[in-house]
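output the structure for:
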Amino acid sequence: MGNGFGEKLRAERLERGLTQAELGKDLYSPSYISLLETGRREPTADVIEELARRLELAPKALEAWSQPISVSDAEYVLAGLYARQAWDLRDYALAAEHAATAARIALEGKNTSAWWNMTYMQAECLMKQGQLKECQRVMEHLLEHPMATESAGLGVRARQMLAALCHGQGQLSAAVEHAQKAVEQCAQLPKGSTLIIGALRALIGALAESGRLDEAWKYCQDMNEQMDEHSMSQLAGEVAWVIGNVAFMRHDYPEGIKHHERAAKLLSPANDIDLWARFNKASAAVRLSSGIVEPETLSAIERAELALSIVGGNKTDQLEVAFIRARWLYLTGDIVAAVQKLREIHAERAALAKHTAGEVSLLLGKSLKAAGESEEALVLLEEAQKEFSAAGAQDRVQQALDAMLEIRLAQRRAAAAEAS
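The predicted structure follows:
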């Protein structure tokens, strides 16, 4: 059987906004659907008939996808298998290389859906490596393709990825714009689709980082309404995680703790250790931003550090986890250790998004102020204010200005006392 069946199955599934688990629900496992889509397993007549029913296609349409394999098909399948194998081994550079090869072969064979899917995988690999600008270039190319307009599912995926890329580079206004367009396109998808959840998550994150917390909270309610008793536990955990983040940022600590405790129960490192690492990193970060210095906060930091040591992660991941530890040191009063760690992170802040780099400069400025180094603190706080302005995070700009004002007022009072 040629690779056409798997690629077209994947394309039809994505166009409907379905996950592999949702397509195979109660009959086929996600891993089995994955084997079909990657050409590693051939479907029986019964499987073809059932999948056709679920995709609302005639069984003959699926049968027509099964054609004798050609030389180019074999080359494509091999490149795709190598790409997925490298992805599973977290060798994202190699996975990107093989995905690009598979995309080229698909394009030469005029298999547009296969080209789109493998190019998207290449972009995912670039993102994992922290090559955000190159990833953004690839995704903008995919978004311009007619497939992204014709298929709501593909369009939402492209917009969501672009929102995440802009967010990661501190382009918060652009992130909001892409995520809003993704959410608008979701009107064509079935309720509860993971693509809808993903688009809402991207929008909520960008709005929250921009300081637009009331809008973010409204979309949290919209996202929660997408869930029901049949929703998968991992997806429910991700939703609880995001809602908890926004609750913490709105200073609704009981609500934040409630949702994060629920997320901690639903998300498992055995299912997805990378996701588990990101949750613990985010949970620790929002707790510390809210000034919550408790044993559970320290446990979240330690879990994030442990998970990062297992999965690796790029430079940005390492700096972000180090910054969380530095914030803990600052809030627990170990100013000397906080300053030392923050200086190390600050020296490499070019690897961070503008708003995150601003947070590093802001906290280093506050730490230096606490250490009595007021002049250097002012330099760092002014730097933070510029970085927040460039990112469009106006609430953070005010925080930096307030901290600068406190130092200058203290300096004036000291000068006045000396003069008298």
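
next, residue 250: phi, psi?
For residue 250, the backbone dihedrals (degrees, to the nearest 10) come out as phi -90, psi 10.

what's near enough to touch it?
Taking C-beta atoms under 8 Å, 6 or more residues apart in numbering, we find residue 250 in contact with 213, 217. C-beta: built from backbone N, CA, C; applies to glycine.

what residues of stretch 301-317 count as buried?
By 16 or more other C-beta atoms under 10 Å, the buried positions in stretch 301-317 come out as 301, 303, 304, 305, 307, 308, 311, 313, 316, 317.

between those residues, which is closest to residue 158?
Residue 158 lies nearest to residue 316 out of the buried residues of stretch 301-317, by C-beta to C-beta, at 22.1 Å.

return the distance of the helix or strand containing that closest one from the chain's centre.
Using DSSP states H and E, residue 316 maps to helix 315-331. Relative to the centre of its chain, helix 315-331 is centred 18 Å away, using C-alpha atoms, centre = their mean, to the nearest Å.

could you do stretch 139-152 as well?
Its chain's C-alpha centre and that of stretch 139-152 lie 20 Å apart, by C-alpha atoms, centre = their mean.

what does it contact?
Outside stretch 139-152, the residues that reach it (C-beta under 8 Å, 6+ apart) are 11, 14-15, 17, 112-113, 116, 119-120, 123, 154-155, 158-159, 161-162, 165, 185-186, 188-189.

enumerate every residue touching residue 384.
Listed by C-beta under 8 Å, 6+ apart, the contact partners of residue 384 are 358, 359, 361, 362, 365, 396, 400.

returning to that earlier point: pick out the most distant pair among the buried residues of stretch 301-317.
303 and 316 (18.9 Å).

before we move on, what SS does residue 270 have?
Of the three states, residue 270 takes coil under DSSP: H, G, I helix; E, B strand; the rest coil.

and it, how many neighbours does it have?
Using other C-beta atoms under 10 Å, residue 270 is surrounded by 6 other residues.

so which residues of the stretch 251-400 of the chain form strands?
Read by DSSP state E, counting those that start in this stretch, the stretch 251-400 of the chain holds no strands at all.

break down it into its helices, ranges please.
Ranges of helices within the stretch 251-400 of the chain are 253-266, 273-289, 295-311, 315-331, 335-346, 354-370, 374-391, 394-419, based on DSSP state H, counting those that start in this stretch.

the inter-axis angle of the shortest one versus helix 374-391?
What separates the directions of helix 335-346 and helix 374-391 is an angle of 40 degrees, with axes from the mean of the first three to the mean of the last three C-alpha atoms, to 10 degrees.

can you give me the pLDDT of residue 56?
As predicted, residue 56 sits at a pLDDT of 65.

wait, residue 331 touches residue 288, no?
Yes - using C-beta atoms under 8 Å, residue 331 is in contact with residue 288, at 6.2 Å.

before we move on, back to that, nearest to residue 98 among the contacts of residue 384?
Nearest to residue 98 among the contacts of residue 384 is residue 359, at 36.5 Å by C-beta to C-beta.

who touches the closest one in this structure?
Residues near residue 359 by C-beta under 8 Å, 6+ apart: 323, 384, 396.

quick one, what contacts the last one?
In other words, residue 396. Taking C-beta under 8 Å, 6+ apart, we find residue 396 in contact with 211, 355, 358, 359, 362, 384, 388.

closest one of the residues you listed to residue 27?
Nearest to residue 27 among the contacts of residue 396 is residue 355, at 44.9 Å by C-beta to C-beta.

any idea how far that closest one lies from residue 44?
For residue 355, the distance to residue 44 equals 52 Å [C-beta to C-beta, to the nearest Å].

which one of those two has more residues nearby?
Taking neighbours as other C-beta under 10 Å, residue 355 and residue 44 compare with residue 355 leading, 23 against 9.

tell me the pLDDT at the residue nearest to that one when sequence neighbours are not counted?
Once flanking residues are discounted, residue 355 sits nearest to residue 391: 3.9 Å by C-beta to C-beta, 6 or more residues apart in numbering. At residue 391, the model reports a pLDDT of 80.

from residue 310, how far out is residue 391?
Distance of residue 391 to residue 310, computed by C-beta to C-beta: 31 Å.

repeat for residue 247
Distance, residue 247 to residue 310, using C-beta to C-beta: 29 Å.

now do the same contact list for the residue positioned nearest the centre of the chain.
The centroid of the chain falls nearest to residue 164 when counting by C-alpha atoms, centre = their mean (5.9 Å). Residue 164 makes contacts with 127, 175, 202, as judged by C-beta under 8 Å, 6+ apart.

what helix or strand is the first one located in?
Right, the one you point to is residue 127. Assessed by DSSP H and E, residue 127 sits inside helix 112-128.

and the very next helix or strand once past that helix, what's buried?
Toward the C-terminus, helix 112-128 is succeeded by helix 132-144 as the next helix or strand (DSSP H and E). Under the neighbour-count criterion of 16+ other C-beta under 10 Å, helix 132-144 has 132, 135, 136, 138, 139, 142, 143 buried.

and those, which is the shakiest by pLDDT?
On pLDDT alone, residue 132 ranks lowest of these, at 88.

just for the stretch 1-150 of the chain, where's the confidence low?
Low-confidence segments of the stretch 1-150 of the chain (pLDDT under 70): 1-4, 15, 17, 56-73.

can you show me the helices along it?
With DSSP H, counting those that start in this stretch as the criterion, the stretch 1-150 of the chain has helices at 4-15, 20-24, 30-37, 45-54, 59-65, 71-88, 92-108, 112-128, 132-144, 146-150.
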